[in-house]
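S.K.: have a look; sequence and predicted model below, questions after that.
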Amino acid sequence: MKVEIWSDVMCPFCYIGKRKFEAALEQFPQKEKIEIEWKSFQLNPAMKTEPDKTINEYLAEAKGWSLDYAAQMNDHVTSIAAEVGLVYNMDKAVVANSFDAHRFVQFAKTKGQGDQAEEQLFKAYFTDGKNTADINTLLDLGVQIGLDRAELKTVLEGTAFSEQVRQDVYEAQQVGARGVPFFVLDRKYAVSGAQQPETFLGALEKSFSEWENANPASLVNLADGAACDIDGNCD
């Protein structure tokens, strides 16, 4: 059963939500039958990459907050992240447009590395204070998860996977996502926000039960013919 997760690398609750969903998945008996696909979402498509501006300065300008209030909000988010074992260094976060980071994830998905790419991006942004719009940063992250540096460089220097990013953004509108993280289970149920693990677990149980009923493991035998059985009898 597929679980699609819309997120943006600059969203602090997306990383927190990832950890809480993972905690729920660990408790789910049928976790090996769950396929996770990360989907692109941009909270601020017009954001300019400004490495010399602090995240507090950006928030103060974008939302009309005071610097002190912006710092308080980031301290609050940092404490929530710590509850799930994440280290946020918001004073080091680099103000960066996320479009190329999303293209990076889209490429990684074609190599079966979508979840790993998302994890590395979150860590780079929130913990390590790296510029996730910088091509060299993305190349280094790609190598860390086993992507071919030259192939990734060709992707990032061009416009490849731009349409996939835009398609995800369009699909987000179609499924009702107005913010992230946004989890869609089997295209039937949605969970919005970084909910507690028990909420995710309940959603997994409900959606998987319906999915399993609609996709039985047993096969319908359409024809019988000459064969050998497990006891070595052939006819």
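M.R.: It's in.
S.K.: contacts, neighbours, all on C-alpha from now
M.R.: Will do.
S.K.: dihedrals phi and psi, Thr159?
M.R.: Thr159 adopts backbone torsions of phi -120, psi 10, taken as degrees, to the nearest 10.
S.K.: and the gap between it and Thr132?
M.R.: Taking C-alpha to C-alpha, to the nearest Å as the measure, Thr159 falls 17 Å from Thr132.
S.K.: give me the more crowded residue out of those two.
M.R.: Here Thr159 and Thr132 are compared on neighbour count by other C-alpha atoms under 10 Å; more neighbours surround Thr132, at 28 against 11.
S.K.: how close does that one get to Gln120?
M.R.: Distance, Thr132 to Gln120, by C-alpha to C-alpha: 10 Å.
S.K.: please enumerate the strands of the protein.
M.R.: Ranges of strands in the chain, per DSSP state E, are 2-7, 35-40, 182-185, 189-192.
S.K.: ranking those strands by burial, who's on top?
M.R.: Among these, ranked by average contacts under mean count of other C-alpha atoms under 10 Å, first place goes to strand 182-185 (a mean of 24).
S.K.: skipping adjacent residues, who's closest to the residue positioned nearest the centre of the chain in space?
M.R.: The centroid of the chain falls nearest to Trp38 when counting by C-alpha atoms, centre = their mean (4.1 Å). Nearest residue to Trp38 in three dimensions, chain neighbours excluded: Ile5, at 4.9 Å (C-alpha to C-alpha, 6 or more residues apart in numbering).
S.K.: same question for Leu138.
M.R.: Counting by C-alpha to C-alpha, 6+ apart, the residue nearest Leu138 is Thr132, at 6.5 Å.
S.K.: pLDDT score for that neighbour?
M.R.: Looking at Thr132, its pLDDT is 98.
S.K.: any idea how far it is from Gly176?
M.R.: Using C-alpha to C-alpha, Thr132 is found at 27 Å from Gly176.
S.K.: returning to what we had before: check the residue nearest to the centre of the chain and give its pLDDT.
M.R.: With respect to pLDDT, Trp38 scores 98.
S.K.: who's in contact with it?
M.R.: Glu4, Ile5, Trp6, Ser7, Gly114, Asp115, Glu118 (C-alpha atoms under 8 Å, 6 or more residues apart in numbering).
S.K.: looking at these, which is nearest Gln72?
M.R.: Closest approach to Gln72 among those (C-alpha to C-alpha): Ser7, at 23.4 Å.
S.K.: how much space separates Gln116 from Leu147?
M.R.: Taking C-alpha to C-alpha, one finds Gln116 at 11 Å from Leu147.
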